[in-house]
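A.B. asks: Quick check, what structure comes out for this input:
(chains A and B)
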Amino acid sequence: MAEAYLLSDDEVLAFVVRGYHLVRPELPEGFDAEVCAAIEGLKANPGNKILDAVPLLHQVYGHPQVRGALASLLGPDYHMNGHRHLHTNPPGSRSQGWHQDGTNVRHHQVRTVLGMYYPQTVSPEMGPTVVMPGTHFRNAPTDRLQTYANLRGQVALTVEAGTVAITHYDIWHAATLNRADRPRHMLKFLFDRVSAPTAPSWNHDPAQAEMAAPRRLHEMVGAQGYCSDYYKEWELRQDMWNWLRGARVPVPPGAFKDMLS
Amino acid sequence: MTEQAQQFAPALERRVEEWVAQARQKPGGISEEDMQGLLALVRRGRPRQRLLYLHAGSPSIYAPLVGVALHEPVAGARTQIDPLAPDLPYGCVHDALCEGWRVVHFPLQTAPFEDREIDIMGYEFILERMEEWDG
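C.D. replies: Numbering: from 1, shown residues only, chains lettered A, B, ... in the order given. Predicted structure coming up:
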């Protein structure tokens, strides 16, 4: 992996704190429109076979900028998961409820991420995905999230065409109501870590990281103002940051047996 | 009442305010027919329960809010996550009390026995207002 495409310490720290990172790979002019046309020409949603149905997507997830970000967060031997899906949010839709894609796990590692590619520029009216920064640390069953609606600090992914949003698998997110007159498309791919980190897999500068980490890891994101949780969250961020750098972090009791300790 | 809280004003109050505003503009004063119209306005609708879920940063009613979900008692109405929504209509639970909302559920005060984990966000207060409603 060319170093030029790996993330910096600051970008990895921001991912640890917020739970997402946006990449906009430099793709040929007209590429995203071509993907949209291919999607809209499909007779049915091919589910996991979307990559066969729209081979252009190989160029997105194989792009050095996307691969560099994924390798930075998951290690150089990361693996594309067999599950992927075309999500189309049609005009007149209702919002989803807040949810995590996975079941709850008592670890704070980066084992799986979502790579959500948006082939259109997404306006607030088009039903963007919303994410809640910092919630990837919350061990919260999705059914317990169903009394929430708008949250202070939620972030709508109103992005330029071609953007890939890489999110921690556990981040709270939802599609929102589409008020526009056209569908909003999103390609969701999953990527898995294969091996536990033994060293930073990004452009790591120990001296700069040493300076940046305390400030970044104490950044207030999301709803803010609930101090007890924040103090715990700082510790969990530190654990994740340490683990990504190859340090051994104690595995909490009750965690999955196949954790990468 | 703040502009953002205006949408939470009771339907009857809004209708009467509109009636008063129109009556004030009417040349020649208010007629018997107008008075009958006002009575009809007041008699219309049945009381229904509006629910307001407020998630506060702590169990205190003065704690800043983390989230708000208003549920209207209208068939087919569904509360949504809206990226175009303005800022939260109230700063804290107490602000909502001042607008006539009544708390029907308080969050538990018991602290979770968990040294490190964090789970759901905020402390859930459920408030209601019984109001007559069209539709």
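A.B. asks: Now the helix ranked longest in chain B: average pLDDT?
C.D. replies: The longest helix of chain B (DSSP state H) is helix B:11-25. Helix B:11-25 carries an average pLDDT of 85.
A.B. asks: Extract the C-alpha set from that helix and format it as PDB.
C.D. replies: C-alpha atoms of helix B:11-25 as PDB (Å, rounded to 0.1, in the frame of the first residue of the first chain):
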ATOM      1  CA  ALA B  11     -54.400  23.400  18.400                       C
ATOM      2  CA  LEU B  12     -57.300  25.100  20.200                       C
ATOM      3  CA  GLU B  13     -55.100  27.900  21.400                       C
ATOM      4  CA  ARG B  14     -53.800  28.400  17.900                       C
ATOM      5  CA  ARG B  15     -57.300  28.400  16.400                       C
ATOM      6  CA  VAL B  16     -58.600  30.900  19.000                       C
ATOM      7  CA  GLU B  17     -55.600  33.100  18.500                       C
ATOM      8  CA  GLU B  18     -56.300  33.100  14.700                       C
ATOM      9  CA  TRP B  19     -60.000  33.900  15.400                       C
ATOM     10  CA  VAL B  20     -59.100  36.800  17.700                       C
ATOM     11  CA  ALA B  21     -56.600  38.200  15.100                       C
ATOM     12  CA  GLN B  22     -59.300  38.000  12.400                       C
ATOM     13  CA  ALA B  23     -61.900  39.500  14.700                       C
ATOM     14  CA  ARG B  24     -59.700  42.500  15.500                       C
ATOM     15  CA  GLN B  25     -59.400  43.300  11.800                       C
END
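A.B. asks: And that helix, what does it pack against?
C.D. replies: Judged by 3 or more CB pairs under 8 Å, 6 or more residues apart in numbering or on different chains; DSSP states H and E, helix B:11-25 is in contact with helix B:32-43, strand B:123-133. All C-beta atoms are positioned from the backbone trio N, CA, C, and that covers glycine.
A.B. asks: Tell me the buried residues in that helix?
C.D. replies: B:11-12, B:15, B:19 (16 or more other CB atoms under 10 Å in any protein chain shown).
A.B. asks: Just give me how far that helix sits from the chain centre.
C.D. replies: Chain-centre distance of helix B:11-25: 19 Å, with CA atoms, centre = their mean, to the nearest Å.
A.B. asks: Please apply the same query to stretch A:108-117.
C.D. replies: With CA atoms, centre = their mean as the basis, stretch A:108-117 stands 5 Å off its chain's centre.
A.B. asks: Kindly check the end-to-end length of that stretch for me.
C.D. replies: Criterion CA to CA, to the nearest Å; first-to-last residue distance in stretch A:108-117 is 25 Å.
A.B. asks: which residues touch that stretch?
C.D. replies: A:15, A:57, A:60-61, A:66, A:70, A:73-74, A:81, A:101-102, A:129, A:137, A:157, A:162-169, A:186-193, A:236, A:239-240, A:243-244, A:249, A:259-260 (CB atoms under 8 Å, 6 or more residues apart in numbering or on different chains).
A.B. asks: In strands, which of these fall?
C.D. replies: A:81, A:129, A:163-168, A:186-192 (DSSP state E).
A.B. asks: Please identify the most buried of the helices and strands packed on helix B:11-25.
C.D. replies: Most buried of the helices and strands packed on helix B:11-25, by mean neighbour count (mean count of other CB atoms under 10 Å in any protein chain shown): strand B:123-133, with a mean of 18.
A.B. asks: partner strands of that strand, parallel or antiparallel?
C.D. replies: strand B:46-56 (antiparallel), strand B:102-105 (antiparallel) (DSSP bridges).
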